[in-house]
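K.L.:
model the structure of this input:
(2 chains)
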Amino acid sequence: NAGVTQTPKFRVLKTGQSMTLLCAQDMNHEYMYWYRQDPGMGLRLIHYSVGEGTTAKGEVPDGYNVSRLKKQNFLLGLESAAPSQTSVYFCASSLLFQETQYFGPGTRLLVL
Amino acid sequence: KNQVEQSPQSLIILEGKNCTLQCNYTVSPFSNLRWYKQDTGRGPVSLTIMTFSENTKSNGRYTATLDADTKQSSLHITASQLSDSASYICVVSVLNQAGTALIFGKGTTLSVSS
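P.N.:
Sure thing, here's the model as predicted:
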């Protein structure tokens, strides 16, 4: 039981490049979330999903897109990366909506 | 405005000592409050969860208290260990028209030294 895993662990992008962050969970959780964490700020919700094929915007969705084609996977896409998207990205899942969340180890993204 | 404020921002204590971290919130209507521990380079891990009717919850050497009247919570760590060095995040759930939303505090960074 791996819990929540994220790939890649670290990535460097140039401004304007695109990439996809992958989150996978093996707990059969219905709900999944993408957060970003920046120094001096709390975790901020980017997008979330309440089930396979369903996604919704969080607090800071601009510049990101998501997809949940399979229940166990939640993808976060950056179509045209900007330096302001340099951050640590965390994926989480939960059995009930917004209840205790299980976080992945994070992806550190640097946009030059 | 729904806000969660944590204090202190950072704290350094000697191994074996006790410490208390504070969380004040202005969230309404309140649903529940959680404390998470986040080790450096890792994702947050849930420590405790308290609903409106609970005023204390323990998890080993961690004891969380909640005063829903004053909208304050504290996390007390007893006999600290080096492994307690981490960021501690207070998260409050608020009920709104869309359902439930989570308000995250910025965290308190605890350093335990030998």
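
K.L.:
going forward, measure contacts and count neighbours with C-alpha atoms only.
P.N.:
OK.

K.L.:
which residues in chain A form strands?
P.N.:
For chain A, applying DSSP state E gives strands covering A:4-7, A:10-13, A:19-25, A:31-37, A:44-51, A:54-57, A:65-67, A:73-78, A:87-94, A:102-103, A:107-111.

K.L.:
so which of the ones you listed comes closest to chain B?
P.N.:
Shortest distance between chain B and those, using CA to the nearest CA, is found for strand A:102-103: 5.2 Å.

K.L.:
so what touches that closest one?
P.N.:
Residues outside strand A:102-103 that contact it (CA atoms under 8 Å, 6 or more residues apart in numbering or on different chains) are A:3-4, A:90-94, B:43-46.

K.L.:
pull out the buried members of the residues you listed.
P.N.:
The neighbour count (16 or more other CA atoms under 10 Å in any protein chain shown) marks A:4, A:90-94, B:43-46 as buried among the contacts of strand A:102-103.

K.L.:
need the contact list for residue B:111.
P.N.:
The contact partners of residue B:111, by CA under 8 Å, 6+ apart, come to B:10-13, B:82, B:84-86.

K.L.:
just the buried residues out of these, in PyMOL syntax.
P.N.:
Buried residues within those, by 16+ other CA under 10 Å, are selected in PyMOL with:
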select buried, chain B and resi 11+13+84+85+86
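
K.L.:
measure the residue of chain B found nearest chain A to residue B:89 for me?
P.N.:
Relative to chain A, the nearest point of chain B is residue B:106 (4.0 Å; CA to the nearest CA). Remark: distance between residue B:106 and residue B:89 (CA to CA, to the nearest Å) = 7 Å.

K.L.:
which of these two has more neighbours?
P.N.:
residue B:89 (28 against 23; other CA atoms under 10 Å in any protein chain shown).

K.L.:
let me see the backbone angles for that one.
P.N.:
Phi and psi for residue B:89, reported as degrees, to the nearest 10, are phi -110, psi 130.

K.L.:
show the contacting residues for it.
P.N.:
Here residue B:89 is in contact with B:35-38, B:104-108 (CA under 8 Å, 6+ apart).

K.L.:
also residue B:84?
P.N.:
Residue B:84 touches B:110-112, counting by CA under 8 Å, 6+ apart.

K.L.:
one more time with 10 Å
P.N.:
Applying CA atoms under 10 Å, 6 or more residues apart in numbering or on different chains to residue B:84 gives the contacts B:15, B:37-39, B:61-62, B:77, B:110-113.

K.L.:
helix, strand, or coil at residue B:93?
P.N.:
Assigned by DSSP: H, G, I helix; E, B strand; the rest coil, the conformation of residue B:93 is strand.
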